[in-house]
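Novice: No sequence on hand, only this structure:
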């Protein structure tokens, strides 16, 4: 078991949230909301409450995951443009 909610969140995000497919469409609210729900379910299975997860993220789970995807999309776009 992971020691803290913050460690769990970091592990889960690293393994579960990735950039959108380069030739695909940007994930919308339903897809990001599903990721948020998946995180809460996984956290609860490890004994963490939603409030602990929100505290570890510093706010709303959906907003944090959306921002994480957007950052990864930007980084991936930069990486791909350098390869051309």
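Specialist: Ah, there it is. It should be emphasised that the depicted structure is a prediction, and the values quoted were computed from it without experimental measurement.
Novice: for the helix or strand of the chain with the lowest mean pLDDT, which positions count as buried?
Specialist: Using mean pLDDT, DSSP states H and E, helix 61-83 stands out as the lowest-scoring helix or strand of the chain, at a mean of 88. Neighbour-count burial for helix 61-83 flags 61, 62, 64, 65, 66, 68, 69, 73 (criterion: 16 or more other C-beta atoms under 10 Å). Every C-beta, even on glycine, is put in place using the N, C-alpha and C of the backbone.
Novice: Give me the contacts around stretch 62-77.
Specialist: For stretch 62-77, contacts defined as C-beta atoms under 8 Å, 6 or more residues apart in numbering pick out 13, 17-20, 22, 26-27, 29, 32-33, 35-36, 39, 57-58.
Novice: Kindly recompute the last result at 6 Å.
Specialist: For stretch 62-77, contacts defined as C-beta atoms under 6 Å, 6 or more residues apart in numbering pick out 17, 19, 20, 32, 35, 36, 57.
Novice: Over to stretch 54-61?
Specialist: For stretch 54-61, using C-beta under 6 Å, 6+ apart, the contacting residues are 5, 6, 9, 36, 64.
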